[in-house]
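Chemist: sharing a model prediction with you, sequence too.
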Amino acid sequence: MAKEYLGEFEELVLTIVGILGEEAYGNAIVAEIKERLGREVNLSAVHVTLYRLEDKGFLKSRMGGATNARGGRRKRIFTITNAGLAMLKAMKEARVDLWKLIPRLNYDSILY
Amino acid sequence: MLKNHSPSENHLNHSLRLLKWFCPPGLYEGIEGDLLEQFENDRKEFGEKKARRRFAWHVVKFFRPGIFLRNRFSNQLINTVMWGNYFKVATRNIAKRKLYSFINAIGLSIGIAFSVLIYLYIQDEKNFDRFHVNKDRIYRLDKASYNTQAAQRGEYPVKRSAYVPLPLGNAVKDEIPEVQYLTRFNGGERGIFRYGEKVFSEGITLVDADFFRMFSFPLIAGSADRLFSDKYEVVLTPEIAQKYFGQEEPVGKVITLDLQGEKQFTVTGLIETPPANSSLIFKILVPIQSHPRYEHNLDQWGSFSFPTFIQLYPQATITDLKTKADTVIKKYMGEMLDRWHKEQNVPAGFSFFEPAYTNLADIHLKTEVGWDKVSDPKYAWILGGIALLIIVIASINYISLALTTSASRKIEVGIRKVVGAHRQQLVWQFGLESLMLAVISMFIGLGLAVFFLPAFNEFTGKGIALISLSMAQVAGASLGIALVVGLLAGSYPAVFLSGFLPVTVLKGGFTSKMKAGFTKPLVVFQFFLSASMIICSIIMYRQMEFIATKDLGFDKEHVLVIPTQTGWSEEADRVVEQFRNKMSAEPSVVDVAGTSSSFSRGHSIYGYKIKDENKRAYVYRVDPEYISLLSLTLKEGRNFDKRIASDGNAVIINESLARDMGWDNPLEEHLNWREDTVGLGSQVIGVLSDYHFLSLNNDIEPMFLSIDKKSTGYLTTMLVKLSPGDIPQKIEKVKSAWAELYPDKPFDYSFMDEDVAKQYNSYKRWMSITALSTGFAIFIACLGLFGLAGINAVNRTKEIGIRKVMGAELSHIFVLLNKQFVLLAVIAFLLAAPLSWYFMNKWLASFKYVITVGWELFAVSMLAGMSIALLTVSYHAIKAAWINPADTLKYE
């Protein structure tokens, strides 16, 4: 199987969708990223990334129920798929493996 | 709440409509909701106004490929399936209606061929002199000076010229540290070049050693650093080397060059011939220091005759050069300029010499400074305009033919729509058809362009070659033109054709007759363009004919113009005398005369002051035979006479000079043109009737003839009048006589009438271009007309059949069918006449002697245009009128 690769921003959005669970939609993701990382991101960029992740099969989406807010428009709710979770996990592990390979000595000398 | 169209939502509608336009429907609601939610948040945070701005901006940011291209592939799938079908139908249509396809393709391809040629022309103009590596740092030092004559005429009084004093160059190079290299470029010299038996008069260019370091003309032999370290070196182009040395190695050869005195020169280098797009043209390069007058000229600060080029160091700026050059000029020329300023009453703020700088790359299009090959950018505009006209005419053909033949496509459109085609798909289909035709035309057009390029080069005096790079550019450009034309010409028919309602079409309510309402204005416009071009060509032709045949006041037939090849010396006079004696017994030579310059081959003007008034006159040094040889008319007085000693100081004037001086009895006057303080000046012994010694672009200016060699120069040109008949053989006789007398001097000659005609070469060239493009424009317009007339005739076949059955005459039907086209042509002519009259008046303004543009010219043009149009449409009219009504009506 060809190894899928995720960009930094894709990984970030995917993770946030995972965190938000049933409440993941465009604005919520922008707000969450701002709150947790202090990073301003573009709504349009988030949307495009969500659709791309959906194309890759890491996310799936459905329309939520209508509310009184947002001019009555329904939200597009995204949820992470098993493939998405596996991908996140694989990426995290790969990174940890690499992290371990950094020589301790240097690491210490930087810390202290 | 936003739900019920609150005011703020109305404001947002604009942006949302945009979003809806590009956003795939499946995504729209989610995105819109997110945007509105963000708007609500923003409104709380930033206030209404800013939130609204941010909203619009957010919408715009959604316009990205990730959004608007998403999910398009499903549509595309269907489209590509259909494309195969469109392509097939288009090919069938093109093949089925061969005549219309031919008309369209020919028109468009001629248009494209023209545009390609004009594109090449404009590219060539733009790339002039750009091949020099150092072009950004090389400037020509120009002279901007106050011009009294221009001021008197009420023009802007500052005129520019590329000629500056010789010592200024030396001073600039020595005293301004920013100047890296400097060279003079004096191309006007002629000298006699001799190697062994071969002797020819050649154009010589005088330059400094820096020339080779500044300009990027590749050296075939010799090194740029060492060339011209000695002043008796010469560098040749391969043609000249080939001419004198043949297959021998040129470098190291010693040749003799007579440049006002014979000197030996060693060939030390070979340089590539300058390309056609170079403003600097040369064949033989010689160090300027070798010129015999160089030392003398070094303190002639008042003699402006040396074009000078400066190359700056890479880090130096033109501003540095300007300030420092001003100082240098003030230092050496300040006193002289101040004196001139006072003497000539130049208004404050002007000067007789201000330096100006022209970048090397700008020389070609700077028409205000005279230079070789300098060209007016307006010609590029004219050519571009012509190409555009032709393309417009061809596109109109396409549109009108597509509309008038639309009837046959109606059923197809109806069926396609019923089966489920979107209107957009039909637009695509018809667009594709016109694009296909445009692309086919493009290939034909490219072929035509390549075929016509040599002729085009000749017309425009250019040397455009199709090298691989420019070929790629041309292909790109013509593809661009083809696409634009295909889309422009195709869009209206596409929209029109796709708009049919299937119900109406398929019900059969339409007869096969179509409405051609929109095509009429198109035809008028097309005719208007062709008519304007016809009128312009006829007027241009008449003017050129007028110029060629106008009586100039002298007899220019059978006159050979032969340079005496002596340089500026006494010997010139002796050559004329000897040759005259030699030819006196020869019956085929009527007369021999000498002059300082022949017509159209330079002139000298003397300025003088009489009673505090500045006057000027053209001066020709002649001999007594001059007047009779040219059959000039002496109105009063007598010719020069060698036996009368005082004639050496006498002048013969023309009528203009007498008028200029306000003399009633010129023979009693003296012209003090040398500003003698003692004595009265030159006695006037004769008055000539005015004749055109200048081109017809000029008035007849004051002029006088003199035989005084000390003040007016030597007889450097010999005029030999031959008796009529068998000219080539007589030239041979003159040539052998010359070879006998002067075996070591080259024999060059030209005909005076050809010299005079050459002055109008550029006008002639433009006349040919206009005539050619008029021909093409008329041709294409006629093709279109032919097609339209054909459709018209076919549409009315039944009508004509019925009319014939009822007893209509053949002529009646003929008139019936042609009436409307004649009417359209008349309207077009009425529109075209004033426009072309306006443009032609502007063109004629550059001549002093012009034809009168009377109504008969317009009548002739109109008649010509009308008969062409009638001929075109008559074919169909006659054909339709001849058809046996039984054939057309039997199926009813």
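Modeler: Arrived safely. Numbering: from 1, shown residues only, chains lettered A, B, ... in the order given.
Chemist: from now on I want contacts and neighbour counts done on CA atoms only, so please keep to that.
Modeler: Will do.
Chemist: quick one, strands of chain A?
Modeler: A:59-63, A:76-80 (DSSP state E).
Chemist: and those, which is most packed in?
Modeler: By mean neighbour count, with neighbours taken as mean count of other Cα atoms under 10 Å in any protein chain shown, strand A:76-80 ranks first of the strands of chain A at a mean of 23.
Chemist: quick one, which of the strands of chain A is nearest to B:Glu189?
Modeler: strand A:59-63 (84.2 Å; Cα to Cα).
Chemist: what's the angle from that closest one to strand A:76-80?
Modeler: Interaxial angle, strand A:59-63 versus strand A:76-80 (axes from the mean of the first three to the mean of the last three Cα atoms, to 10 degrees): 150 degrees.
Chemist: for strand A:59-63, packing partners?
Modeler: Counting contacts by 3 or more Cα pairs under 8 Å, 6 or more residues apart in numbering or on different chains; DSSP states H and E, strand A:59-63 packs against helix A:43-56, strand A:76-80.
Chemist: got the strands of chain A as JSON lines, with mean pLDDT and distance to B:Lys417 columns?
Modeler: Below are the strands of chain A laid out as JSON lines (pLDDT from 0 to 100; distance: least, Cα to Cα, whole Å):
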{"stretch": "strand A:59-63", "mean pLDDT": "88", "distance to B:Lys417": "35"}
{"stretch": "strand A:76-80", "mean pLDDT": "91", "distance to B:Lys417": "36"}
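Chemist: just put those strands in JSON lines and tack on distance to B:Phe546.
Modeler: Compiled in JSON lines, the strands of chain A are given as follows (distance: least, Cα to Cα, whole Å):
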{"stretch": "strand A:59-63", "distance to B:Phe546": "85"}
{"stretch": "strand A:76-80", "distance to B:Phe546": "83"}
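Chemist: for the residue of the stretch 151-300 of chain B found nearest chain A, which non-adjacent residue is spatially closest?
Modeler: Per Cα to the nearest Cα, B:Ser216 is where the stretch 151-300 of chain B lies closest to chain A, at 51.3 Å. Using Cα to Cα, 6 or more residues apart in numbering or on different chains and skipping the chain neighbours, the partner closest in space to B:Ser216 is B:His132 (4.8 Å).
Chemist: could you check how many residues crowd around the one you found?
Modeler: 16 (other Cα atoms under 10 Å in any protein chain shown).
Chemist: repeat that for B:Leu871.
Modeler: Neighbour tally, B:Leu871, other Cα under 10 Å: 14.
Chemist: and whichever helix or strand it is part of, average pLDDT?
Modeler: If you go by DSSP states H and E, B:Leu871 is part of helix B:855-882. Average pLDDT, helix B:855-882: 82.
Chemist: cool, and stretch B:604-622?
Modeler: 81.
Chemist: can you get me the start-to-end distance on that stretch?
Modeler: End-to-end distance for stretch B:604-622: 13 Å, by Cα to Cα, to the nearest Å.
Chemist: what does that stretch rub up against?
Modeler: Outside stretch B:604-622, the residues that touch it by Cα atoms under 8 Å, 6 or more residues apart in numbering or on different chains are B:593-597, B:603, B:657, B:672-675, B:701-709, B:712-715.
Chemist: mark which of those residues are buried, thanks.
Modeler: B:593-597, B:657, B:672-673, B:701-709, B:712-715 (16 or more other Cα atoms under 10 Å in any protein chain shown).
Chemist: so which of the contacts of stretch B:604-622 belong to strands?
Modeler: B:593-595, B:703-706.
Chemist: touching, B:Val651 and B:Gly681? I think so.
Modeler: No. Assessed by Cα atoms under 8 Å, B:Val651 is found out of contact with B:Gly681, at 9.8 Å.
Chemist: okay, which residue is most central for chain B?
Modeler: B:Tyr379 (3.6 Å; Cα atoms, centre = their mean).
Chemist: what helix or strand does that one sit in?
Modeler: helix B:377-404.
Chemist: quick check: the gap between the closest residue to chain A within the stretch 201-350 of chain B and B:Lys135.
Modeler: Residue of the stretch 201-350 of chain B nearest chain A, by Cα to the nearest Cα: B:Gln315 (45.2 Å). Noted for B:Gln315: a distance of 14 Å to B:Lys135, by Cα to Cα.
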